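J.: only geometry, no sequence info:
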């Protein structure tokens, strides 16, 4: 199995964007790629806006590892994760990925699984540190923030990255 989380070095050549993987979206068509149709909030063909060079500012494995291992305060970690790891990918892919309804793009889900894994890695290194109000019920799911933060209690776990250095 390929670990696409390491393709930041040459993202344009990543197999994740290939026809074979099914996530190739033509970027030269202003109408978008109609093999993938958005249905929320306005129906249209999916669009991406990446061009050669868009991916040059993506965070490296070493940067992600540094944030996960060195940032010990929940609010600071959340801010680093959002602003310097999460947002650059949305911006690099562009098109529909920079809209509020980005979940219509199938790559959104792959990317956010990666963000969730990074969060899970941080939580394992910092047990008990997290959302201040762990008893708050998250609607409409009916579970507390404390349960939502704990992947083990949600019955899933992440395998170590295939090429990652140990945290």
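T.: In hand now; what should we look at? The shown structure was predicted, so the numbers you read here are calculated from the model rather than taken from an experiment.
J.: Please enumerate the strands of the protein.
T.: Listed in chain order, the strands found in the chain under DSSP state E are 33-38, 44-46, 137-138, 143-144.
J.: Now do the buried residues in the second one.
T.: Read it as strand 44-46. Under the neighbour-count criterion of 16 or more other CB atoms under 10 Å, strand 44-46 has 45-46 buried. (C-beta placed from N, C-alpha, C; glycine too.)
J.: Relative to that strand, what are the paired strands and their orientations?
T.: strand 33-38 (antiparallel) (DSSP bridges).
J.: what mean pLDDT does the partner strand have?
T.: With pLDDT averaged residue by residue, strand 33-38 scores 68.
J.: To what extent is residue 15 buried, counted in neighbours?
T.: Using other CB atoms under 10 Å, residue 15 is surrounded by 12 other residues.
J.: can you list the strands of the chain in TSV and add distance to residue 9?
T.: Output for those, formatted as TSV (distance: least, CB to CB, whole Å):
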stretch	distance to residue 9
strand 33-38	25
strand 44-46	26
strand 137-138	36
strand 143-144	38
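J.: From residue 156, how far out is the closest residue to residue 73 other than its chain neighbours?
T.: Of all residues not flanking residue 73 in the chain, residue 129 sits nearest, at 7.6 Å (CB to CB, 6 or more residues apart in numbering). According to CB to CB, to the nearest Å, residue 129 and residue 156 sit 21 Å apart.
J.: What is the distance between the longest helix seen in the chain and the centre of its chain?
T.: Looking across the chain with DSSP state H, the single longest helix is helix 106-125. Mean-position distance between helix 106-125 and its chain equals 6 Å (CA atoms, centre = their mean, to the nearest Å).
J.: How about stretch 46-65?
T.: 11 Å.
J.: Stretch 122-137 too?
T.: 20 Å.
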